[in-house]
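**Student:** Next come a sequence and a model predicted from it.
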Amino acid sequence: MVTADLAYYSLVAVYSAMAIYTISFVAFALDLAKRSGDAQQAAARAAKAEALATASVSRSAAGGSTVVLDRPSRGAGGAASASTGAPAKASSFERVAIAMMLLGFVVHVASVVLRGLAAGRVPWANMFEFSLTGTAIIVGVYLAVQLVVNLRFLGAYVMGLNLVLLAIGTVNYYVAVSPLPPALQSAWLVIHVFVAILGTAFFAIAAGLSAAQLVQTKREQSKLAGLRFLDTLPGAERLEDLAYRIALVGFVLWTFTLIAGAIWAERAWGRYWGWDTKEVWTFIIWVLYAGYIHARATRGWRGARSSWLSIIGFAAVMFNFSVVNVFFKGLHAYSGL
């Protein structure tokens, strides 16, 4: 009875976290809209000041004197700095979004803990539990990265992705608490799967930065109209650099995942590698990110080519989770469905 109650409260906490995340997502979206408005107003003020400066110079020239006027800098009047990608002062929407994200994260973690207590083990042994824990870690990694670099402009992406994954996990993958299969009764379940989830979180953030870099590049090349909030984001080169560094952390974690998985396979099945579907896709993901890192570091790949590799790599991670786990049968068929 206690187990059933804990599992029920865990599910209630999941839905509560989703409701709070929804408020955070809306607030982040409103903040982006406000950024657009602020950037448009700043551009209008800059254009007006430029016109006044030109008129003053013309009148001075006509009168035979020379007047030197300072031109207004980009982002004048409170718009965000293009070098930092951060507004001079956080908007009320942004403060609400971050507060709701933190509150939702606390409730989300509580749901993970309750599920673990109900199961009497770590809560990532099936698809539902992997979704539950994985989405919590994505938010946790995003919040942790904020301590080092400002990525508040990715808030809507992180919350939107989290809501989609949580909705899919709770609606399509939910299963009742059940005992572990013999092959999963190992300490490697804690190490191997947790590190894989952690690596996935870094890949998710890197993919968001790569997508932002692609859009920002179009914007900087004057090939994309509208979306004035892009003026408040870091430049394309900075976004690309951030994506690369975060993906590099994910790659190190994924490399450990691959090695730990091979060691666990030897303990469980007596061989390190068996070309099981899950093993193959884990290796494909490793190759994609290894190619991305190698091409950018040694071949000088920049711009769209490197960003697309980052996005394709994360798409492969999602395919591995959502398709391989459900539709491909093999030794790793532990979806619980």
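**Tutor:** The structure has been received and is ready for your questions.

**Student:** Let me know the next secondary structure element after the helix or strand that contains Leu242.
**Tutor:** Assigned by DSSP states H and E, Leu242 falls within helix 236-269. With elements assigned by DSSP H and E, the helix or strand that comes after helix 236-269 is helix 277-298.

**Student:** residue ranges with poor pLDDT in this structure?
**Tutor:** Applying pLDDT under 70 to the chain picks out residues 1-2, 38-51, 53-88, 223-226, 299, 328-337.

**Student:** And the residue nearest the centre of it?
**Tutor:** Compute the mean C-alpha point of the chain, and by Cα atoms, centre = their mean the closest residue is Ile205, 2.8 Å away.

**Student:** That residue: what secondary structure?
**Tutor:** Secondary structure, DSSP: H, G, I helix; E, B strand; the rest coil: Ile205 is helix.

**Student:** Please tell me how far the residue lying closest to it once chain neighbours are set aside sits from Pro234.
**Tutor:** With sequence-adjacent residues excluded and distances taken as Cβ to Cβ, 6 or more residues apart in numbering, Ile205 is closest to Ile246, at 5.4 Å. Any C-beta I mention is one placed from the backbone N, CA and C, and that applies to glycine too. According to Cβ to Cβ, to the nearest Å, Ile246 and Pro234 sit 13 Å apart.

**Student:** and Val177, helix, strand or coil?
**Tutor:** The local conformation at Val177, judged by three-state DSSP, is coil.

**Student:** What of Val148?
**Tutor:** coil.

**Student:** before we move on, what about Val158?
**Tutor:** Classification of Val158 using three-state DSSP returns helix.

**Student:** since we're on it, how many residues are nearby?
**Tutor:** Residues lying near Val158 (other Cβ atoms under 10 Å) number 26.

**Student:** Name all residues that make contact with it.
**Tutor:** Residues near Val158 by Cβ atoms under 8 Å, 6 or more residues apart in numbering: 138-139, 142, 204-205, 208.

**Student:** I'd like those residues laid out as TSV, including distance to Leu258.
**Tutor:** Converted to TSV, the contacts of Val158 look like this (distance: Cβ to Cβ, whole Å):
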residue	distance to Leu258
Ile138	21
Val139	25
Tyr142	24
Ala204	18
Ile205	20
Gly208	24
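
**Student:** For whichever strand or helix holds Phe105, name the packing helices and strands.
**Tutor:** Assigned by DSSP H and E, Phe105 belongs to helix 92-119. Judged by 3 or more Cβ pairs under 8 Å, 6 or more residues apart in numbering; DSSP states H and E, the packing partners of helix 92-119 are helix 2-62, helix 127-145, helix 155-172.

**Student:** Buried deepest among these, which one?
**Tutor:** Mean neighbours per residue, mean count of other Cβ atoms under 10 Å, is largest over those for helix 127-145, with a mean of 22.

**Student:** who does that one touch, helix- and strand-wise?
**Tutor:** Helix 127-145 is packed against helix 92-119, helix 155-172, helix 194-220, with contacts defined by 3+ Cβ pairs under 8 Å, 6+ apart.

**Student:** Packed most tightly, which of these would that be?
**Tutor:** Note that of the helices and strands packed on helix 127-145, helix 194-220 is the most buried (mean count of other Cβ under 10 Å), with a mean of 23.

**Student:** Find the nearest non-adjacent residue to Ser24, please.
**Tutor:** For Ser24, the closest residue by Cβ to Cβ, 6+ apart turns out to be Met100, at 3.8 Å.

**Student:** just Arg271 next, same as before
**Tutor:** Nearest one to Arg271, counting by Cβ to Cβ, 6+ apart, is Ala265 at 6.3 Å.

**Student:** quick one: contacts for that neighbour?
**Tutor:** With contact set as Cβ under 8 Å, 6+ apart, Ala265 has these partners: 271-274, 279.
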